[in-house]
Structure formats: C-alpha cells, structure tokens
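Asks: Following is a predicted model, sequence given first.
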Amino acid sequence: MSHVVGRLAPTPSGYLHLGNARSFLLAWLWARHEQGRVVMRIEDIDQARCKPELREASLSELAWLGLDWDAGPHAGDPPGEYDQHTRFEFYRTHLTRLAEAGLAYPCTCTRKDIEEASSAPHGDEGAIYPGTCRGRWRGFEQARLESGITPAWRFLWDSEPVEFHDEVQGDITIDPSTLGDFVLWRRDNLPSYQLAVTVDDADQAVTQVLRGRDLISSTARQLALYEALELTPPRQWAHVPFIQDAAGRRMAKRDGDLALAHLRESGVDPARVLGLLAWSAGLLTELRPAQPADLVGEFDLKRIGRDDFAITAEHLAWLRG
Ligand code: GLU
Ligand code: ZN
C-alpha cells in the first residue's frame, strides 16, 4: 500500500473555534496513527474574506495545540505554495480541460434566477440549479455579450449515483439530481471550492480526507470531478460530527468565547483543550488533559460515532481548570 497522506485545510476567514479544532485534531490523529504525512493547505480563495493575520493565527493555534505538518507554511516549502490564492492558474487549466471535454458550460443565472425558476426543487442546500444554461450558449464570450452578465462555469453532471464508503457514516449513495450542476468557476472570477479542493487533493497526493459532516455532499461532487478529470481520488473519507454551542447550534464564528485564540489568551492549558476535544469525540473514556502523542496510538475512527456533541458551561469551566 502506498503511503498515507492526510491534510488540514483551514479557511482563514475567521478564528478557529473548538469545532474546527476538533475536526483538525481528528484529521491529524488519523494520518499520524497510520504513520502518514500531513499537508497543511490554506483555503484562501476568497481574498475579500481571508486575512493574512487570520492565516497566521490559525497556524499558530494549531501548533499551540501540538499539531504539526510536513508540507505547507512553515514546513520548508516556498512561501505561498500551499495557499490556494496563489494557484488560480493551475485551477484554470483544469477548468479548461473540462470545458474542452464538454463537461463545463457557462451559466448566466443569478441566485435570484435560480430561486425563481418555478420548477426548481429544493435540496438541503437551497434551490437546486435546474440546468437552465445547459446547451444555452455557444461559449463564454457569447454568453457574456448576449446576457450582459459575466457567466459562471458549471459542471455538467450527468453521472450515475455516486457511491462511496465513509469511515464514520457508513456507505453513502448520492444521486446527482439531488444536488444539480455545481459551480466550477464563480461569476466574480474565482475558482470554486469544489474545483480547487479536488485538484489540490490530487496534486498533493492526499489519500485520506477527514472533515465536517456538512461536506458529505461535496465529496460526491468531488468524486464526480476526479472521474471527469481522470485524477486519482483520495482512498478514504471520513465525515465527522460537529460540536454544538450552548444554544444547540453548530459552533460558528459568533461563538467568540470558544475561539482558540480567546482560550489561549485567557491562559487555558492546550492539554485541556485537547483532552476535551478527544473525550468529546469518544477517544478518551474520561475527561482529562492530553498530549497529541498520547492519542495517536489508540486512535480509532470507530469510536467517533455520528452524534454531534453539545458543549456545556461545565465543560468550559473544566477547560479553565
Ligand atoms: N476549508 C474548509 C473549512 O475550513 C475545509 C474543506 C475541506 O476539508 O475540504 O471548512
Ligand atoms: Zn444558468
């Protein structure tokens, strides 16, 4: 079996919170448990939302927790090599390949057009794109001139249902018609998350992907892209549950006091953060401080389970010691 490569892929548009940190910890433990390498990739396509200081903060907080990586920023690679914002040309060549193969088409629909398309069914992620622009335009320039709108590029997704095995969720089958043709290149001239992640995971030889369960449907899209681009997909997938905040919502940026930066500044011991994250994921039988190296040997994806974990005031009090 060839070598295992895992990856951590933060988006520096906000501070890392306990929820993000737990997914990164699990991804790191999985790779290290299999004696794998870890790639750190910065998902900063949207430069209007991503900030250099948030990039540095994310890296420094993950290092504070005790995670390390073998490729990416501060790992001896040329600066920016693993930052998505420097790689647009690389993504563009893959878009071109898809367009030349007839698998990408320009789309001039606005979000409102899609919402208003009366027949458009709704999926979990809002209105499903109804394929309005399939076969509608001869090319990008014609679409732009005739519509007066800078088009997006969408993937023409006509495959059989996508099946994959998820190490946490079990066997998954997703029918493309429940998701619709997705964007490859945005109307604001940025590559889409789906395109960039797919070609980066292939280019960086990633063999295992562990991320939040909100990205299960994205895995189906990305597997379709691997096939269309004739690239080798990661061999293993795991989509993990979330941490919920006190209000029972998926933890998010608004939970400022659960940001790692805040915990760190207020003197919390990183071994306690790690212990809480590992225990909440079923990896420790009792709540206690832990070091990353203690957790590697016993790591087992089967212990993670599918339920979200609700964080309480008592947990936070324990963190503060
Ligand atoms: N950059 C994404 C995030 O921070 C992760 C995407 C992925 O793991 O594919 O949520
Ligand atoms: Zn369209």
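Replies: Thanks, I have it. Numbering: from 1, shown residues only. Ligands and ions are numbered 1, 2, ... in the order given.

Asks: Can you report how many residues lie near Asp171?
Replies: Residues lying near Asp171 (other C-beta atoms under 10 Å) number 8. (C-beta placed from N, C-alpha, C; glycine too.)

Asks: Could you check how far the residue lying closest to it once chain neighbours are set aside is from ligand 2?
Replies: Leaving aside its chain neighbours, Asp171 sits nearest to His165 (5.5 Å; criterion: C-beta to C-beta, 6 or more residues apart in numbering). His165 sits 33 Å away from ligand 2, going by C-beta to the ion, to the nearest Å.

Asks: which parts of this protein sit against ligand 1?
Replies: Taking C-beta under 6 Å from any ligand atom as the contact definition, the chain meets ligand 1 at Ala9, Pro10, Thr11, Glu43, Val197, Arg211, Leu215.

Asks: and with 5 Å instead?
Replies: Ala9, Thr11, Glu43, Val197, Arg211 (C-beta under 5 Å from any ligand atom).

Asks: Throw those into JSON lines and include secondary structure, neighbour count and pLDDT, thanks.
Replies: As requested, the residues of the chain next to ligand 1 are exported to JSON lines (DSSP: H, G, I helix; E, B strand; the rest coil; neighbours: other C-beta atoms under 10 Å; pLDDT from 0 to 100):
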{"residue": "Ala9", "secondary structure": "coil", "neighbour count": "23", "pLDDT": "98"}
{"residue": "Thr11", "secondary structure": "coil", "neighbour count": "19", "pLDDT": "97"}
{"residue": "Glu43", "secondary structure": "coil", "neighbour count": "19", "pLDDT": "98"}
{"residue": "Val197", "secondary structure": "helix", "neighbour count": "26", "pLDDT": "98"}
{"residue": "Arg211", "secondary structure": "strand", "neighbour count": "21", "pLDDT": "98"}
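
Asks: Would you format the residues you listed as JSON lines with distance to ligand 2 included?
Replies: Shown next, in JSON lines, are those (distance: C-beta to the ion, whole Å):
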{"residue": "Ala9", "distance to ligand 2": "29"}
{"residue": "Thr11", "distance to ligand 2": "26"}
{"residue": "Glu43", "distance to ligand 2": "26"}
{"residue": "Val197", "distance to ligand 2": "23"}
{"residue": "Arg211", "distance to ligand 2": "29"}
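
Asks: Show the residue spans covered by the helices in this structure.
Replies: All helices of the chain, identified by DSSP state H, fall at 18-33, 52-65, 88-100, 111-116, 140-147, 193-203, 216-229, 260-265, 270-280, 292-296, 313-319.

Asks: Please identify the most buried of those helices.
Replies: Mean neighbour count (mean count of other C-beta atoms under 10 Å) peaks for helix 18-33 among the helices of the chain, with a mean of 24.

Asks: quick one: that one to helix 52-65, angle?
Replies: Using axes from the mean of the first three to the mean of the last three C-alpha atoms, to 10 degrees, one finds that helix 18-33 and helix 52-65 are set 60 degrees apart in direction.

Asks: quick check: mean pLDDT across helix 18-33?
Replies: For helix 18-33, the mean pLDDT works out to 97.

Asks: Stretch 294-303: how far from the chain's middle?
Replies: Chain-centre distance of stretch 294-303: 22 Å, with C-alpha atoms, centre = their mean, to the nearest Å.

Asks: For it, give the distance from the opening residue to the closing one.
Replies: 16 Å (C-alpha to C-alpha, to the nearest Å).

Asks: How about stretch 238-253?
Replies: 23 Å.

Asks: Can you mark which positions in that stretch are buried?
Replies: By neighbour count on 16 or more other C-beta atoms under 10 Å, the buried set for stretch 238-253 is Ala238, His239, Val240, Pro241, Phe242, Ile243, Gln244, Asp245, Met251.

Asks: Show me the beta-bridge partners of the residue of the stretch 101-250 of the chain found nearest ligand 1.
Replies: Across the stretch 101-250 of the chain, the shortest distance to ligand 1 (C-beta to the nearest ligand atom) belongs to Arg211, at 3.6 Å. In this entry, Arg211 is beta-bridged to His239, by DSSP bridges.
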